[in-house]
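**Student:** prediction below, plus the sequence it came from.
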2 protein chains.
Amino acid sequence: MSNYFLRTLREDPSDAEVTSHRLLVRAGYIRRQAPGIFAWLPIGLRVKAKIEAIVREEMTAAGAHEVHFPALLPREPYEITGRWDEYGDGLFRLKDRKGSDLLLAPTHEEVFTLLVKDLYNSYKDLPLSIYQIQDKYRDEARSRGGLLRGREFTMKDAYSFDYTDAGLDASYQAQRDAYERIFTRLGLEYVIVQADAGAMGGSKSEEFLHPTPVGEDTFVRSAGGYAANIEAFTTVAPPAISFKDLTSAEVFDTPDTPTIQTLVDRANSAHPRPDGREWTAADTLKNVVLALMQPDGSRELVIIGLPGDREVDLKRVEVAFAPAEVEAANETDFARHPGLVKGYIGPWSIAGAVLGEKSATGIRFLVDPRVVDGTEWITGANEPGRHVFGLVAGRDFHADGTVEAAEVRAGDPAPDGSGPVELARGMEIGHVFQLGRKYAEALGLKVLDENGKLVTVTMGSYGIGVTRILATIAELNNDAKGLIWPESVAPFDVHVIATGRDEVVFETSESVVAAIEATGREVLYDDRRGKVSPGVKFGDAELIGVPKIVIVGRGAIEGIVEFWDRRTGEREQVAVADVVSRLG
Amino acid sequence: MSNYFLRTLREDPSDAEVTSHRLLVRAGYIRRQAPGIFAWLPIGLRVKAKIEAIVREEMTAAGAHEVHFPALLPREPYEITGRWDEYGDGLFRLKDRKGSDLLLAPTHEEVFTLLVKDLYNSYKDLPLSIYQIQDKYRDEARSRGGLLRGREFTMKDAYSFDYTDAGLDASYQAQRDAYERIFTRLGLEYVIVQADAGAMGGSKSEEFLHPTPVGEDTFVRSAGGYAANIEAFTTVAPPAISFKDLTSAEVFDTPDTPTIQTLVDRANSAHPRPDGREWTAADTLKNVVLALMQPDGSRELVIIGLPGDREVDLKRVEVAFAPAEVEAANETDFARHPGLVKGYIGPWSIAGAVLGEKSATGIRFLVDPRVVDGTEWITGANEPGRHVFGLVAGRDFHADGTVEAAEVRAGDPAPDGSGPVELARGMEIGHVFQLGRKYAEALGLKVLDENGKLVTVTMGSYGIGVTRILATIAELNNDAKGLIWPESVAPFDVHVIATGRDEVVFETSESVVAAIEATGREVLYDDRRGKVSPGVKFGDAELIGVPKIVIVGRGAIEGIVEFWDRRTGEREQVAVADVVSRLG
């Protein structure tokens, strides 16, 4: 350490919002260059290389071949698949000196597809899985959490190519199995959740989430084994109800109902149900007007009807309408549609249908899946100060379809019947994805099958965020004094600290270092002399977080050193001759 | 090879201008993505990794620590050093979603300087050498030669930090020695030439050039050991001559002198020298008007006077005036300066000095170093159809300075007195550079010295083009049939080819592969069955270029295989049991 390029810092970085960021900077693993953009210092690079080596080994075991694509790519392939526009502001775009459009690739589906198209043409060439470990770029609106969401980050992205659906299933499973092995080796707890196909345009999709309160994703899981990303959760629709026993809807003046509860109270007194069940907030139909902004620049209004006891979950809405961006309708939007009475919007008015398939507003009206035929609702009457009570879906109004827009709540039933779900936070650390034929279709990747017929190839896409995994491991393995690396990814296997000024201490330290290195282990040797106190050295060791520490001090004269377990904090005296065997 | 991601191509790529590009694409090492931007296929990545491993080992041996910086960097540090502008169109610039300026780094002096400034503050921390192996970006006007000049390329760039000049010399020497070891291990012939400090703004600078006709650089060397990049060559000025024996200059009408030779003939008849020496083309003074375009957008004219038997070398001129770009003066420039009579420009006219220190044109007049006091010249008289003969430098005209603008020719004397030089072509494969204090000064990198005084750090910068080296090795090691890798960087150590359909062939092949792999060697095994003929397999092996090939054919029944040396073409029968020992 006397000449190693390593400096620990006394102060926390001012911009650090999460523990991993704070500790990785303070302990000298990374340095910030720009928002979401980091440089790797020597010990950081060592940890990163160890994670990459594990990923590489498991990719090889899964039969995938390593390639390496440039980060800087031409626009054309991304134009063909629509992603040049779909990525919106998240894509770093630039021009070269000749004015040609280029991008910094956020992910490489297009060019992998074109590569295989270039080189392969027969079913005999398949299956094929190829991958790279490469730096990717996304212009995140808010790059927070240090390495957890960087704008430049290292990712392993693999792509599989098959000519049958069964082949894709097998390739997908091989990557999924490899991911399980990788996370197990890294000591990272994970939950595999169903994920939304989203902007990638594929079919089956699962995320590997590490459960952690600092995670950016919310997921749900049931005791019966169901697990899904909140965006992929599907609402269980109740059975339809016969119209037979339902009363007619009635319009009421509702002047003093500033809250949903006051409105519900009013309904219970003015329009009680025949069967005596009380109206509740879940029986109100809230109609929310949203504007969808498509990548081509067009703006469309849509109205979502959902139970009044639930909020719209914008993340779920964005997935439902991807690649459009979604925002609340503004005054201009309302001014264009005088039929919509703000605060009193409902699918029906005395004049007839206001929203839904038979209306003339032209605005799409989508409802929560719970709004099935025969359900009765308290909702706006499209007149200021008036509501309609007992409006029946399928009888009094008809939506244009359903949408998964409402928030998911603990206790909601899992769609597979495995019981109520609970909500948790997780950090996405891996993603496996059946793209299907979208990219191959768009870019013309076909092969000849056994019968000499051209068939479109079906693909999978599989990503692991290397730098994010590193941060997640750091997030999970630390205490008040610093990092505590798992052995599989620690920058060094052993940290040897020489304390004191006697020459025997340094001689003993050097022989201990040599003995440990002779076993193939890597050692960080704190050989600093002069004014560096034992306390500073211990503090640095705790901050840096090598799991096994050997302290060589005054005991060296008697051939005794101290073994210090960074995780448990236990210290134990060991004879110099026994140090190597004590390491296990 | 039956399931390895490797395809050789029958056709040469249409855009390949050099052998390495043609063969690396055809043999399945790389694929073009955009001009100057390539993807690496599995065997290409293996060769690249081997070169990187050698570079890494020698950097470690030289005491340098590995770090890794992002490619995407903020504008500010490059703005402070002036390189944001100086790089001109060669820099890839972009903006993020918030409008902040970013760049794809062409080289990392600024951020390495800032990193050390961040972490270090004492002379005790120095010397320090840190490096990275990283992808760099330059928007080359013409990206030709495949990997020889890419727009995205992999480079090892190291930076040294010292607080004394002697320290810098030592750090520089350590990197220079490491480079010699690297090129020796790679089997790459090299010449170390003096290079111009150029746009990097430093002092001592040397390039490692690999002599090759496809090289983009011209260099000179003398039998006595002098070697320099053509841009760094300095002209030997002759001794000044006494004015005493010189005659007066005379102006003549020179109507029929369309060429230099006719003009010289005219001088020999009209104005013979007193000592009888003939006038030659080397005695004519050609005055070339150039426009310098500075990075700040300003345009300045400069006139260069040089012997008429030499052309202006634009590469040398560009270095002389860096960071300005240089072009010939245009009609607008001449219109602004009516005193300049096109075709008859000279430093003097009957009216007096036209160019040089005492003139009023305001245009800088620089001369070739050969234009010393007392030299006599035939030059324009600044009147249409008239020349002046015997105009004496230092007596009749005075320049504003000298400039290295004239072409260098074989036979010119080396500046160190080591004899005449010869010219050769070379490919730059490494560059070592004493930056001095330029970057540390600009960015405020100071440390406390032994006396507690703040001193500015002095730096070195050291680059090796990894991908260019790979291409240079390929350029050097091939024949009509394909590549022939040196063992140190070959993608595999041995290529085993199974030919024929007998099961014994494949059984023998597999045991041969296992025996070779057991020695730690890497094997490419051509196990393709079916319609792939021995001829196709041999052709692929020759194209791919693994240096040692083992052919397993019908002889397998008798336990005999063939050893094939790819470089010499020799084939030799070897008993299966002797294969490993035959590999050496």
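**Tutor:** Structure received. Numbers count the residues shown, from 1 in each chain, chains lettered A, B, ... in the order given.

**Student:** got the domain ranges for chain A?
**Tutor:** A:45-221+A:426-475, A:250-402, A:492-582 (automatic domain parsing).

**Student:** contacting residues for A:G343?
**Tutor:** Taking C-beta atoms under 8 Å, 6 or more residues apart in numbering or on different chains as the contact definition, A:G343 lies against A:380, A:384. C-betas here are computed from N, CA, C, even on glycine.

**Student:** re the thing from before, can you say which of the domains of chain A is packed in most?
**Tutor:** domain A:45-221+A:426-475 (a mean of 20; mean count of other C-beta atoms under 10 Å in any protein chain shown).

**Student:** start to end distance for that one?
**Tutor:** Domain A:45-221+A:426-475 has its terminal residues 17 Å apart, counting by C-alpha to C-alpha, to the nearest Å.

**Student:** ok, stretch A:384-401 next?
**Tutor:** End-to-end distance for stretch A:384-401: 27 Å, by C-alpha to C-alpha.

**Student:** ok so, going back, dump the domains of chain A into a markdown table; add mean pLDDT as well.
**Tutor:** Formatted as a markdown table, those follow (pLDDT from 0 to 100):
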| stretch | mean pLDDT |
| --- | --- |
| domain A:45-221+A:426-475 | 94 |
| domain A:250-402 | 91 |
| domain A:492-582 | 95 |
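
**Student:** name the surrounding residues that touch whatever helix or strand A:R221 lives in.
**Tutor:** Using DSSP states H and E, A:R221 falls within strand A:217-222. Strand A:217-222 is contacted from outside by A:191, A:193, A:207, A:209, A:226-230, A:233, A:315, A:408, A:412, A:414, A:416, A:418-428, using C-beta under 8 Å, 6+ apart.

**Student:** pretty sure A:L91 contacts A:P106?
**Tutor:** Yes - between A:L91 and A:P106 there is a contact under C-beta atoms under 8 Å: 6.1 Å.

**Student:** hmm, back to that, which of the domains of chain A sits closest to B:A498?
**Tutor:** domain A:45-221+A:426-475 (17.6 Å; C-beta to C-beta).

**Student:** chain center to that closest one: distance?
**Tutor:** Relative to its parent chain, domain A:45-221+A:426-475 has a centroid offset of 13 Å by C-alpha atoms, centre = their mean, to the nearest Å.

**Student:** rewinding a little: among the contacts of strand A:217-222, name the ones in strands.
**Tutor:** A:191, A:193, A:207, A:209, A:227-229, A:421-428 (DSSP state E).

**Student:** and the most centrally placed residue in chain A, how far is that from A:L188?
**Tutor:** With distances taken as C-alpha atoms, centre = their mean, the residue of chain A nearest its centroid is A:E428 (3.6 Å). A:E428 is 12 Å from A:L188, where distance means C-beta to C-beta, to the nearest Å.

**Student:** ditto for A:P127
**Tutor:** Applying C-beta to C-beta, the value for A:P127 to A:L188 is 28 Å.

**Student:** next secondary structure after whichever helix or strand A:K48 is part of?
**Tutor:** Using DSSP H and E, A:K48 sits within helix A:42-61. Following helix A:42-61 in sequence order, the next helix or strand is strand A:65-66 (DSSP H and E).

**Student:** sheet partners, orientation included, of that following strand?
**Tutor:** Paired neighbours of strand A:65-66 in the sheet (DSSP bridges): strand A:128-137 (parallel).

**Student:** between helix A:42-61 and the strand it pairs with, find me the angle.
**Tutor:** 160 degrees (axes from the mean of the first three to the mean of the last three C-alpha atoms, to 10 degrees).

**Student:** which other residues reach stretch A:497-509?
**Tutor:** Contacts for stretch A:497-509 (C-beta under 8 Å, 6+ apart): A:496, A:525-527, A:529, A:534, A:537-538, A:541, A:549-554, A:556-557, A:559, A:561, A:576.

**Student:** actually, stretch A:244-253.
**Tutor:** Outside stretch A:244-253, the residues touching it (C-beta under 8 Å, 6+ apart) are A:266, A:270-271, A:273-275, A:348, A:350, A:374, A:376, A:381, A:383, A:385-392, A:395-396.

**Student:** hmm, 6 Å instead?
**Tutor:** A:270-271, A:274, A:381, A:385-392, A:396 (C-beta atoms under 6 Å, 6 or more residues apart in numbering or on different chains).

**Student:** what's the answer for stretch A:363-372, then?
**Tutor:** Stretch A:363-372 is contacted from outside by A:235, A:237-238, A:240, A:301-306, A:355-356, A:393, A:399-403, A:406, using C-beta under 6 Å, 6+ apart.

**Student:** switch to 7 Å and redo it
**Tutor:** Defining contact as C-beta atoms under 7 Å, 6 or more residues apart in numbering or on different chains, one finds that stretch A:363-372 is touched by A:235, A:237-238, A:240, A:301-307, A:337, A:347, A:355-356, A:393, A:399-403, A:405-406.

**Student:** from these, which land in strands?
**Tutor:** Using DSSP E, the contacts of stretch A:363-372 in strands are A:301-307, A:401-402.

**Student:** residue contacts, the closest residue to A:M427 other than its chain neighbours?
**Tutor:** In this structure, A:M427 finds its nearest non-sequential neighbour in A:G215, 3.9 Å apart by C-beta to C-beta, 6 or more residues apart in numbering or on different chains. The contact partners of A:G215, taken as C-beta under 7 Å, 6+ apart, are A:209, A:425-427.

**Student:** out of those residues, which is nearest to A:V289?
**Tutor:** Using C-beta to C-beta, A:R425 is the member of the contacts of A:G215 that lies nearest A:V289, at 30.1 Å.

**Student:** tell me the phi and psi of the closest residue to the closest one other than its chain neighbours?
**Tutor:** Counting by C-beta to C-beta, 6+ apart, A:G215 is the residue found nearest to A:R425 once chain neighbours are left out, at 4.1 Å. Reported as degrees, to the nearest 10, the phi and psi values for A:G215 are phi -60, psi 150.

**Student:** now do A:T212
**Tutor:** Torsion angles, degrees, to the nearest 10, at A:T212: phi -160, psi 140.

**Student:** grab the nearest non-local neighbour of it.
**Tutor:** That would be A:M427: by C-beta to C-beta, 6+ apart, it lies 5.4 Å from A:T212.

**Student:** residues in contact with that neighbour?
**Tutor:** Contacts of A:M427 (C-beta under 7 Å, 6+ apart): A:148, A:209-210, A:212, A:214-217, A:472.

**Student:** check contacts around the one residue in the stretch 351-500 of chain A that gets nearest to chain B.
**Tutor:** Nearest to chain B in the stretch 351-500 of chain A, going by C-beta to the nearest C-beta, is A:T467, at a distance of 10.8 Å. Shown in contact with A:T467 (C-beta under 7 Å, 6+ apart): A:48, A:147, A:150, A:153-154.

**Student:** name the element it belongs to?
**Tutor:** helix A:466-476.

**Student:** for that helix, what is the distance to the chain centroid?
**Tutor:** Distance, centroid of helix A:466-476 to centroid of chain: 13 Å (C-alpha atoms, centre = their mean).

**Student:** ok and it relative to strand A:128-137, angle-wise?
**Tutor:** Going by the same axes, to 10 degrees, helix A:466-476 makes 70 degrees with strand A:128-137.

**Student:** which residues does the very next helix or strand once past helix A:466-476 contact?
**Tutor:** Remark: after helix A:466-476, the chain's next helix or strand is strand A:478-479, criterion DSSP H and E. Contacts with strand A:478-479, where a contact means C-beta under 7 Å, 6+ apart, come from A:19, A:23, A:484.

**Student:** want to throw those into JSON lines with secondary structure, pLDDT and distance to A:T257?
**Tutor:** Converted to JSON lines, these look like this (DSSP: H, G, I helix; E, B strand; the rest coil; pLDDT from 0 to 100; distance: C-beta to C-beta, whole Å):
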{"residue": "A:T19", "secondary structure": "helix", "pLDDT": "93", "distance to A:T257": "47"}
{"residue": "A:L23", "secondary structure": "helix", "pLDDT": "97", "distance to A:T257": "53"}
{"residue": "A:I484", "secondary structure": "coil", "pLDDT": "98", "distance to A:T257": "57"}
